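Undergrad: The sequence and its predicted three-dimensional model are supplied below.
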Amino acid sequence: EPEVTQTPSHQVTQMGQEVILRCVPISNHLYFYWYRQILGQKVEFLVSFYNNEISEKSEIFDDQFSVERPDGSNFTLKIRSTKLEDSAMYFCVRRVAGQETQYFGPGTRLLVL
Amino acid sequence: GDSVTQMEGPVTLSEEAFLTINCTYTATGYPSLFWYVQYPGEGLQLLLKATKADDKGSNKGFEATYRKETTSFHLEKGSVQVSDSAVYFCALSDNNQGGKLIFGQGTELSVKP
């Protein structure tokens, strides 16, 4: 099973601060996704990324969110100015092109105070 | 849009009881269907999948059959164990739309010894 790792495992931040969540390492020819799960609620799609560009994003993924591969390996999700309601578990997910299965990372638990 | 509906939890069973967790979906295309499991404090793990009508996915004693006529993908297990206690998520992926997963709300299963 392809491995997905995420850092940090936990992050606490103040409202209005920027956070960067990382998915490491990555390989080529893969789709990447970010999902989030607010405590006790369903898992929600945020964005999909392929060939260095966004292929689809949800209504949740507004201007406060961005994704990139800053050094060609790490895949990051940035939240520019966090809100209380951004508190959630964020999952990085990968899928090999041509296959259906998506493999979830362990998640980053973000708490916005 | 596409959606997934699961039976509400929590579901509490005694060890060795029969398990059914209902899942129905609506989709405009021909989705792949998945069951993911989330153990306490962990991320999501793929439990089983089915990619076309009448396919049966199975793993660890769990089974689910893709029923196009009833738009269902019910999860079953003949004899549950305490270690099966977790939250189970039904999901679909419309491969024509970049493969994002759409999840149901999750069903918490608690198995008592």
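TA: That came in fine, so what should we check first? Residues are numbered from 1 along each chain as shown, chains lettered A, B, ... in the order given.
Undergrad: quick one: the nearest residue to residue B:30 once chain neighbours are set aside from chain A, how far?
TA: Distances taken as CB to CB, 6 or more residues apart in numbering or on different chains put residue B:52 closest to residue B:30, at 7.2 Å, once the chain neighbours are dropped. The C-beta positions use only the backbone N, C-alpha and C, and glycine is treated the same way. For residue B:52, the distance to chain A equals 10 Å [CB to the nearest CB, to the nearest Å].
Undergrad: residues near residue A:34, how many?
TA: Neighbourhood size, residue A:34 [other CB atoms under 10 Å in any protein chain shown]: 26.
Undergrad: That one touches residue A:54, doesn't it?
TA: No. With contact defined as CB atoms under 8 Å, residue A:34 does not count as touching residue A:54 (10.5 Å).
Undergrad: intersection of neighbour lists for these two?
TA: A:47, A:67 (CB atoms under 8 Å, 6 or more residues apart in numbering or on different chains).
Undergrad: I'd guessed residue A:60 sits against residue A:46; true?
TA: Yes. Between residue A:60 and residue A:46 there is a contact under CB under 8 Å: 5.7 Å.
Undergrad: Return the set of buried residues in stretch A:97-111.
TA: A:100, A:101, A:102, A:103, A:104, A:105, A:106, A:107, A:108, A:109, A:110 (16 or more other CB atoms under 10 Å in any protein chain shown).
Undergrad: So it, near chain B or not?
TA: Yes. For stretch A:97-111 and chain B, the contact criterion (CB under 8 Å from any CB of the partner chain) is met by A:100, A:101, A:102, A:103, A:104, A:105, A:106, A:107.
Undergrad: Any idea how far apart the tips of that stretch sit?
TA: Taking CA to CA, to the nearest Å as the measure, stretch A:97-111 stretches 33 Å from start to finish.
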